[in-house]
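Chemist: Any chance you can model this:
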Amino acid sequence: MCEYVHMISSQRQHLILSRLRTRGAVRITALSKELGVSAMTIRRDISELADKGLLRRVHGGAVSTSTLLSEPLFSVKSQLDIGLKDAIAREAIGLVSPGDVIAIGGGTTAYVFAQHLLESQQANGITILTNSIPVAELVQALESKDVEVIVTGGVITRSNSLVGPIADKVIASLRVNTVFLGTHSVSIPRGFLMPNSLEAATDMAMMDIADRTIILTDHTKWSSTSLSLFARFDQVDTVITDDGLDSDSVTKTRDLVKDLVLAHSPEPEEESEE
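Modeler: Now for the predicted structure:
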């Protein structure tokens with residue numbers, strides 16, 4: 001039997017906050033399995049903690065409220081908002097044509113985009129410049145040799161991205177048709193932000209060599225904040241998010257960006273109390 005199964009709610013919530021401090025984010029299904037209680041019980045605990053301002057709810061889990069200067073590990077973030085990222089990725093692959101030279105930034109939304117792209121016909125003959133180690137590993141694992149990948153090099157971040165002067169120098173020597181970037185937060189009217197100033201600078205370097213910039217981000221990023229601005233709205237060609245974005249943010253964002261695409265998000269799964 002799970003050692004946590006007889007915990008009362010306050011004990012469970014203390015453990016949830018402890019996991020957030022070490023990981024930056026938690027997933028409901030993982031907590032449910034670890035604590036030996038239903039997903040609905042964990043969802044209630046997270047709701048109570050969110051009402052107290054101790055964490056921020058996201059689709060499928062929660063993130064720390066203290067992520068202004070730090071970022072959850074890639075392995076944790078990749079398990080959050082999976083359905084939303086899939087919907088965004090499916091919209092984005094239509095912006096790639098066979099034979100294109102593209103850049104893909106770091107982060108989990110860009111990674112999911114790369115997964116969908118590499119499974120599609122649009123990937124035929126493309127070249128990918130990336131500072132994302134997971135994206136590079138995806139291409140390397142392909143049986144097809146029709147996709148070429150160029151990795152920037154640089155310093156590794158918590159999100160498994162390569163950043164810094166080495167990365168920026170490699171990027172500056174190249175040119176791409178389109179760059180696809182994720183973001184840690186969206187600030188109206190400022191723009192798009194990251195918690196890591198070096199990662200923000202590397203994203204800016206990618207934008208500088210691209211004919212077109214696409215931002216891939218789910219609706220929860222409009223309710224968070226971060227440290228370093230890497231793009232203003234007028235520097236971005238298209239923002240692809242999900243239709244969970246509230247109507248006020250949709251209106252304000254459409255006024256600021258050239259093109260806003262709302263991907264149809266999946267219906268939330270019903271979770272029963274066990």
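Chemist: Report the distance from the helix or strand hosting I166 to the chain centre.
Modeler: Using DSSP states H and E, I166 sits within helix 165-172. When distances are taken as CA atoms, centre = their mean, to the nearest Å, helix 165-172 is centred 22 Å away from the chain's centroid.
Chemist: can you pull the contacts of A89?
Modeler: By CB atoms under 8 Å, 6 or more residues apart in numbering, the contact set of A89 is 109, 112-113, 115-117, 216. Quick note: C-beta positions are derived from backbone N, CA and C, even for glycine.
Chemist: now do 10 Å
Modeler: Contacts for A89 (CB atoms under 10 Å, 6 or more residues apart in numbering) come out as 109-117, 119-120, 180, 216, 240, 263.
Chemist: mind listing what's buried in the longest helix along the chain?
Modeler: What stands out as the longest helix in the chain, according to DSSP state H, is helix 9-23. By neighbour count on 16 or more other CB atoms under 10 Å, the buried set for helix 9-23 is 12-13, 15-17, 19-20, 23.
Chemist: Kindly report the same for stretch 192-203.
Modeler: Neighbour-count burial for stretch 192-203 flags 192-196, 198-203 (criterion: 16+ other CB under 10 Å).
Chemist: Farthest pair within those residues?
Modeler: Within the buried residues of stretch 192-203, F192 and L198 form the most distant pair, 15.7 Å apart (CB to CB).
Chemist: which residue packs closest to D86, ignoring adjacent ones?
Modeler: Excluding the flanking residues, the one nearest D86 by CB to CB, 6 or more residues apart in numbering is V112, at 6.3 Å.
Chemist: quick one: buried residues of stretch 255-269?
Modeler: Neighbour counts using 16+ other CB under 10 Å place 256-257, 260-263, 265 of stretch 255-269 among the buried residues.
Chemist: what's the offset of it from the middle of its chain?
Modeler: In terms of CA atoms, centre = their mean, the centre of stretch 255-269 is found 15 Å from the chain centre.
Chemist: Then stretch 22-32?
Modeler: Relative to its chain's centre, stretch 22-32 lies at 16 Å (CA atoms, centre = their mean).
Chemist: what angle separates the helix or strand harbouring D45 from helix 9-23?
Modeler: Here D45 sits within helix 39-51, counting by DSSP H and E. Between the axes of helix 39-51 and helix 9-23, defined by axes from the mean of the first three to the mean of the last three CA atoms, to 10 degrees, the angle is 70 degrees.
Chemist: What's the first helix or strand after helix 39-51?
Modeler: Counting by DSSP H and E, the next helix or strand C-terminal to helix 39-51 is strand 55-58.
Chemist: Let's see the next helix or strand after that next one as PDB, backbone CA atoms only.
Modeler: Using DSSP H and E, the helix or strand that follows strand 55-58 in sequence is strand 61-64. Presented in PDB, the C-alpha positions along strand 61-64 are these (Å, rounded to 0.1, in the frame of the first residue of the first chain):
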ATOM      1  CA  GLY A  61      -1.400  20.000 -13.200                       C
ATOM      2  CA  ALA A  62       0.100  23.000 -11.500                       C
ATOM      3  CA  VAL A  63       3.100  25.300 -11.600                       C
ATOM      4  CA  SER A  64       4.900  27.300  -9.000                       C
END
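Chemist: isn't I82 right next to R27, touching?
Modeler: Yes - under the criterion of CB atoms under 10 Å, I82 makes contact with R27 at 9.4 Å.
Chemist: So what touches the helix holding D45?
Modeler: Contact partners of helix 39-51, identified using CB under 10 Å, 6+ apart, comprise 9-10, 12-17, 20, 26-35, 37-38, 54-58, 60-62, 65, 269-274.
Chemist: which residues sit in contact with the nearest residue to S120 once chain neighbours are set aside?
Modeler: Leaving aside its chain neighbours, S120 sits nearest to I93 (5.2 Å; criterion: CB to CB, 6+ apart). Residues in contact with I93 (CB under 10 Å, 6+ apart) are 113-114, 116-123, 180.
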